[in-house]
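A.B. asks: this one's structure only:
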């Protein structure tokens with residue numbers, strides 16, 4: 001993982017044999033979210049295999065994993081629109097401010113994995129943020145996850161046709177939405193995946209997820225005994 005090329009804006013979008021960076025001149029939220037999720041997933045397995053605790057000193061790879069999540073949270077996040085934008089420059093400056101609904105669940109999944117690492121006392125607890133047990137950063141990751149959920153609910157939901165608009169420029173529907181009467185399965189499938197993962201990670205907050213899921217899937221999905 002340490003061989004993966006990166007800039008201030010994040011990890012390389014593609015690589016050739018020998019870890020040679022690809023030709024892309026941007027960093028996309030989708031790639032950074034998937035890389036962040038993968039690295040954090042490795043943290044979970046690594047901690048389990050080595051039986052590491054919160055007192056274990058973080059290694060270089062652990063720091064890299066959290067750095068990738070830090071870039072995702074800050075470089076791609078649009079606070080006003082409550083969503084992650086499409087892309088940044090190699091230096092981490094906002095580039096394409098379109099908020100793609102397909103991208104959002106991958107950020108949610110990365111945050112869920114970070115929440116799990118910290119909640120379970122992962123190898124990087126407290127050491128990177130400077131916080132101790134009294135300020136468990138897992139709570140911060142949970143709060144961050146509910147911000148894009150708010151953005152989807154406020155700015156992307158189609159009250160007439162159901163489901164979510166696939167793209168928006170900030171809080172307005174994007175002109176790239178050519179066929180607003182249709183809903184593609186792919187983004188909504190990944191939204192469902194992310195919603196269910198957060199229901200598993202944080203069942204006490206699932207009523208908020210229920211509010212999103214029920215209109216979208218017509219009551220077909222049950223969260224515990226809640227609709």
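C.D. replies: Received, thanks. For clarity, every value in this text was computed on a predicted model and none was experimentally measured. Numbering: from 1, shown residues only.

A.B. asks: make it CA atoms for all contacts and neighbour counts henceforth
C.D. replies: Noted.

A.B. asks: tell me the contacts of the closest residue to residue 106 other than its chain neighbours?
C.D. replies: Using Cα to Cα, 6 or more residues apart in numbering and skipping the chain neighbours, the partner closest in space to residue 106 is residue 33 (5.7 Å). Neighbouring residues of residue 33 by Cα atoms under 8 Å, 6 or more residues apart in numbering: 69, 72, 106-107, 110.

A.B. asks: which ChimeraX command selects the buried ones in these?
C.D. replies: Of these, the buried ones can be selected in ChimeraX as follows, counting by 16 or more other Cα atoms under 10 Å:
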select :69,72,106,107,110
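
A.B. asks: closest one of the contacts of residue 33 to residue 201?
C.D. replies: Using Cα to Cα, the shortest approach to residue 201 within the contacts of residue 33 belongs to residue 110, at 12.1 Å.

A.B. asks: pull the contacting residues for the closest one.
C.D. replies: Here residue 110 is in contact with 33-34, 36-37, 40, 69 (Cα under 8 Å, 6+ apart).

A.B. asks: adding distance to residue 119, write those residues out as a markdown table.
C.D. replies: Converted to a markdown table, those look like this (distance: Cα to Cα, whole Å):
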| residue | distance to residue 119 |
| --- | --- |
| 33 | 20 |
| 34 | 21 |
| 36 | 17 |
| 37 | 16 |
| 40 | 13 |
| 69 | 16 |
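
A.B. asks: keep only those of the residues you listed that are in helices.
C.D. replies: 33-34, 36-37, 40, 69 (DSSP state H).

A.B. asks: make JSON lines out of these and add pLDDT.
C.D. replies: Below are the ones in helices among the contacts of residue 110 laid out as JSON lines (pLDDT from 0 to 100):
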{"residue": "33", "pLDDT": "91"}
{"residue": "34", "pLDDT": "90"}
{"residue": "36", "pLDDT": "84"}
{"residue": "37", "pLDDT": "86"}
{"residue": "40", "pLDDT": "80"}
{"residue": "69", "pLDDT": "72"}
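
A.B. asks: what is the nearest of the residues you listed to residue 196?
C.D. replies: Among these, and counting by Cα to Cα, the member closest to residue 196 is residue 37, at 16.1 Å.

A.B. asks: any low-confidence regions in this structure?
C.D. replies: Across the chain, the ranges flagged by pLDDT under 70 are 1-2, 43-68, 120-138, 175-181, 205-227.

A.B. asks: 90 instead?
C.D. replies: 1-13, 15, 18-22, 35-75, 111-147, 149-150, 152-189, 191-192, 195-227 (pLDDT under 90).
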